[in-house]
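Student: Need coordinates for the following:
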Amino acid sequence: MKKILLVLLVVFTASSVFAAGIGIKGGYSKMYDDYADSFDDTWNFGIVFDMGKFVFNNLQFRPGIDYLSLENEDSNYAFADVYGIHLDWYWFFMGKKQFSPFLGFGPALNYYSFDDNSTNNDDSDAGIEGFAGVDFDLSGPWKLMLELRYLWHDFADRDTTIVKLNAGLMYYF
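Tutor: Numbering: from 1, shown residues only. Have a look, this model is predicted:
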């Protein structure tokens, strides 16, 4: 019940319930700490929704969903597919212009779908992310987004970290 109330609070404190824009993003994921010992670096991709202003003009709420695979090609071992649900806040500290740098943070729920079909023990972990990047205005309603993210996949286990370098394309309605 607490989770539902938190999601409702986040959604309804945004300036509108409907998305102002939608985008796709993807990039390279570099594994660190315990993940570097077990898994290869990989690619990630996802969808992001711009929900508009949040509390004040330079803060935007952009929830999203992304995917990456944890596997080790050397041992031919595929551990899990990871689907992340993100509640991200982007702070455009210089305002929204043609070149708009940002800092951000957000919690994430990471759902692990294990490739071992003999067990049905899929799992999820709460994580947190910090990121920085820049939005570039392109022609019309299009924006290019570049970002660098630092992720703790499991908040309780700080040795499961990933750094993502992403590029994305946003379309505004």
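Student: Helices of this structure, start to end?
Tutor: Using DSSP state H, the helices of the chain run over residues 2-13, 34-38.
Student: lowest-confidence stretch among these?
Tutor: Ranked by mean pLDDT, these end with helix 2-13 at the bottom, a mean of 49.
Student: hey, where'd the strands end up in this structure?
Tutor: 21-33, 42-50, 53-54, 56-72, 77-91, 99-114, 123-137, 142-154, 157-172 (DSSP state E).
Student: what's the least confident stretch among these?
Tutor: Looking at those, the lowest mean pLDDT belongs to strand 53-54 (a mean of 84).
Student: Can you give me the separation between residue 71 and residue 88?
Tutor: 26 Å (Cβ to Cβ, to the nearest Å). All C-beta spots, glycine's among them, are computed from the backbone N, C-alpha and C.
Student: Can you give me every residue that contacts residue 156?
Tutor: 125-126 (Cβ atoms under 8 Å, 6 or more residues apart in numbering).
Student: ok, 7 Å please
Tutor: By Cβ atoms under 7 Å, 6 or more residues apart in numbering, the contact list for residue 156 is empty.
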